[in-house]
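Trainee: Give the three-dimensional model of this entry:
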Amino acid sequence: MLLGGRFLGSGGTTVFNSYLNTTDEHLVVECTLEGTIPGVKGTGTLPIIEFQVKEGEACDLNLYDTQLLNSNETAIILTVRNGHFSA
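Mentor: Predicted coordinates for the structure are as follows:
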């Protein structure tokens, strides 16, 4: 499941799109404010991604090559948290 966090929405109406590229095996998430607004500043949650384990008792989820860009397509410092599932 993929949800938009509350941070960007604090600045106005958001447009949220995502797609899974199964050929290159990556997920692209796009979220932007609608209209010509300067954006938001501060800290907060942008996307929330929930994974479903289909089989097995345990697995790791490692995120790599993760990028976050601002409206000028300049990199933003982000914190990535890898995950683990166990039944």
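Trainee: Now the residue minimising distance to the centre of the chain. Nearest residue, chain neighbours left out?
Mentor: The centroid of the chain falls nearest to Pro47 when counting by C-alpha atoms, centre = their mean (3.5 Å). Nearest residue to Pro47 in three dimensions, chain neighbours excluded: Val29, at 5.0 Å (C-beta to C-beta, 6 or more residues apart in numbering). Where you see a C-beta, it was placed from the backbone N, CA and C, and this is true even at glycine.
Trainee: Likewise for Glu30?
Mentor: Using C-beta to C-beta, 6+ apart, the closest residue to Glu30 is Asn17 (4.6 Å).
Trainee: ok, that neighbour - contacts?
Mentor: Counting by C-beta atoms under 8 Å, 6 or more residues apart in numbering, Asn17 touches Val29, Glu30, Cys31.
Trainee: Out of these, which end up buried?
Mentor: For those, a burial check counting by 16 or more other C-beta atoms under 10 Å picks out Cys31.
Trainee: Show me the contacts of Asn17 that map onto strands.
Mentor: Judged by DSSP state E, the contacts of Asn17 include Val29, Glu30, Cys31 as members of strands.
Trainee: Any chance of these in CSV with distance to Asp65 and pLDDT as columns?
Mentor: As requested, the ones in strands among the contacts of Asn17 are exported to CSV (distance: C-beta to C-beta, whole Å; pLDDT from 0 to 100):
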residue, distance to Asp65, pLDDT
Val29, 13, 84
Glu30, 16, 84
Cys31, 19, 83
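Trainee: which one of the residues you listed sits closest to His84?
Mentor: The closest of the ones in strands among the contacts of Asn17 to His84 turns out to be Val29 (C-beta to C-beta; 21.7 Å).
Trainee: And Thr66, how close does it get to Glu50?
Mentor: To Glu50, Thr66 is 16 Å away according to C-beta to C-beta, to the nearest Å.
Trainee: Tell me the buried residues in the worst-scoring helix or strand of the chain on mean pLDDT?
Mentor: When the helices and strands of the chain are compared on mean pLDDT, DSSP states H and E, strand 2-4 comes out lowest with a mean of 73. Residues Gly4 are the ones in strand 2-4 that count as buried (16+ other C-beta under 10 Å).
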